[in-house]
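Novice: here is the input, now give the coordinates:
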Amino acid sequence: MSEVHSRDMRIRAHSAFLIAILSASAISGRLVAQSSDDVIPRYAEQGQRALAEGNYPEAERNFEKLRSLQPGMAEVHANLGLIYFEERKFDQAVPALRRALKLKPSLVKSESLLAMSLSEIGEYSQAVPGLDKCLHRSADTEIKRICGLELQRTYTGLKKDSKAVEIALELNKLYPNDPEILYETGKVYGNFAFMTMEELARVAPTSVWRHLAAAEAHESQGSYTQAIQEYHEVLRLEPARPGIHYRIGRSLMGQFWQQQSQDDLTAAEKEFEEELRLHPDNANAAYELGEMRRKNKQIDEAQQYFEQALQRYPDFSEAQLGLAAVLIEKNKPDQALAHAERAAQLDPANEVAWYRLARIQRSLGKVAEQQKSLAEYRRLHDIANRQKEIEPVFSPREVTKQQVDSNPQQ
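Specialist: Numbers count the residues shown, from 1 in each chain. As a prediction, this is how the structure comes out:
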């Protein structure tokens, strides 16, 4: 699972580095002063134009001719290094960039490009100092970003996963809305999690923690039968461990949604009851039982469970909504109002909270408030229709979500 350095995910350096290296027109001016032969400025002009257009084979031909004519000019070697990098000829980019830096050590961005080239040919240890310097000292935002991504991949190539995570955290802070950063750092976090779980399996294969990790992984992937088996192994080792009967119940509900077997739903209910018996402070178990009772029209029992959940966890927005729904059923909209308002305050992106609030406001004759809540519900509902809900990747869903009531009377 540990990712090797992949050339399929190429960073294009042209736009960031081209402006950093002395332009071909400047080279032409300096070479003209050294030679009366007009072939040199012609190569320089043609090379500059080709490089600017991204015509790297043509640029390479012209700059290689310039190099043969003027081997002591650092900028020619620097531009060649950039061209080779863009052509993925990293083994040629390295000596060109090294030569440029030997002739002119002040070409800082060539130093960064050399570090990237070393990384691309698998010389990770040699690449790290230059990439680290670039990330932490460069004043150019884009070059800093490119070096950071390359450094992150280099640490992964060295199998220094904790260092890769450090860089990922730093990049997320520097570039919080960058899609490529989010993608790459997400892979690093996932890889690190996987490697950590592998190490757990190696050092403690029969421990509670190993079975718990396996159970949660199975549950998050929808493999509920395997998840339940692993959770039972946890209970075998620690019969009173908090939360395990609840997670078995949630896995059984997952099976119910897949197979529509009433036996799974009945078994899940028993698991929630057992969790609550052993651990009365488990608000999630109380909530699930409340929601089951509400759907079965056992309104008084549902109210008791929702209130129990809220007693333990007052900011439980789904329980606030559940209690509001129960109070609507009991024709107590004045009491339901406070709970629906609190749910909307706790989770303003929850369309069900605004719908239920609008319904209560309508019954209370609060027309203006009802219209505002209904407008917000419709806005959120439109958003939900345009994009599917993104489920957690590394953890199972925590509770059953409230839904808009069937046959709405709005």
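Novice: ranges for the helices of the stretch 151-300 of the chain?
Specialist: Secondary structure of the stretch 151-300 of the chain (DSSP state H, counting those that start in this stretch): helices at 161-174, 179-203, 208-220, 224-237, 244-259, 262-278, 283-295, 299-312.
Novice: buried ones in the second one?
Specialist: Going back to what we said before, that points to helix 179-203. Buried residues in helix 179-203, defined by neighbour count with 16 or more other C-beta atoms under 10 Å: 181, 184-185, 187-189, 191-193, 197, 200. The way it works is simple: take the backbone N, C-alpha and C, and place the C-beta from them, glycine included.
Novice: what does stretch 93-111 give?
Specialist: Going by neighbour count (16+ other C-beta under 10 Å), the buried part of stretch 93-111 is 93-94, 96-101, 103, 107-111.
Novice: ok, those residues vs Glu87, which is closest?
Specialist: Of all the buried residues of stretch 93-111, Ala93 has the smallest distance to Glu87: 8.5 Å, by C-beta to C-beta.
Novice: quick check: pLDDT value at the closest one.
Specialist: Reading off the confidence values, Ala93 has pLDDT 95.
Novice: and for Ala368?
Specialist: So, for Ala368, pLDDT stands at 96.
Novice: what residues does the one helix or strand it maps to touch?
Specialist: Using DSSP states H and E, Ala368 maps to helix 367-386. With C-beta atoms under 8 Å, 6 or more residues apart in numbering as the contact definition, helix 367-386 has outside contacts at 344, 349-351, 354-355, 357-358, 361-362, 410.
Novice: 7 Å instead, please
Specialist: Under the criterion C-beta atoms under 7 Å, 6 or more residues apart in numbering, residues 349, 351, 354-355, 357-358, 361-362, 410 lie in contact with helix 367-386.
Novice: which one of those residues has the most neighbours?
Specialist: Leu357 (28 neighbours; other C-beta atoms under 10 Å).
Novice: from Glu351, how far off is Ala164?
Specialist: 38 Å (C-beta to C-beta, to the nearest Å).
Novice: same question for Glu274.
Specialist: The span separating Glu274 from Glu351 equals 33 Å under the rule C-beta to C-beta.
Novice: and for Pro239?
Specialist: Pro239 is 41 Å from Glu351, by C-beta to C-beta.
Novice: try Trp257
Specialist: 21 Å.
Novice: and what of Thr266?
Specialist: 31 Å.
Novice: next: Ala319.
Specialist: Where Glu351 is concerned, Ala319 sits at a distance of 17 Å (C-beta to C-beta).
Novice: over to Arg386?
Specialist: Counting by C-beta to C-beta, the gap from Arg386 to Glu351 is 13 Å.
Novice: over to Leu182?
Specialist: 25 Å.
Novice: Leu235 too?
Specialist: 37 Å.
Novice: tell me which residue lies nearest the centroid of the protein.
Specialist: Centroid-nearest residue in the chain, with C-alpha atoms, centre = their mean: Gly186, separated by 4.3 Å.
Novice: now for the helix or strand harbouring Asn79, which elements pack on it?
Specialist: Element membership of Asn79 [criterion: DSSP H and E] is helix 74-86. The helices and strands touching helix 74-86, judged by 3 or more C-beta pairs under 7 Å, 6 or more residues apart in numbering; DSSP states H and E, are helix 24-34, helix 56-69, helix 90-103, helix 108-120.
Novice: which of those sits most buried?
Specialist: With neighbours defined as mean count of other C-beta atoms under 10 Å, these peak in mean count at helix 108-120, which reaches a mean of 25.
Novice: what's the following helix or strand after that helix?
Specialist: Heading C-terminal from helix 108-120 (DSSP H and E), you reach helix 124-137.
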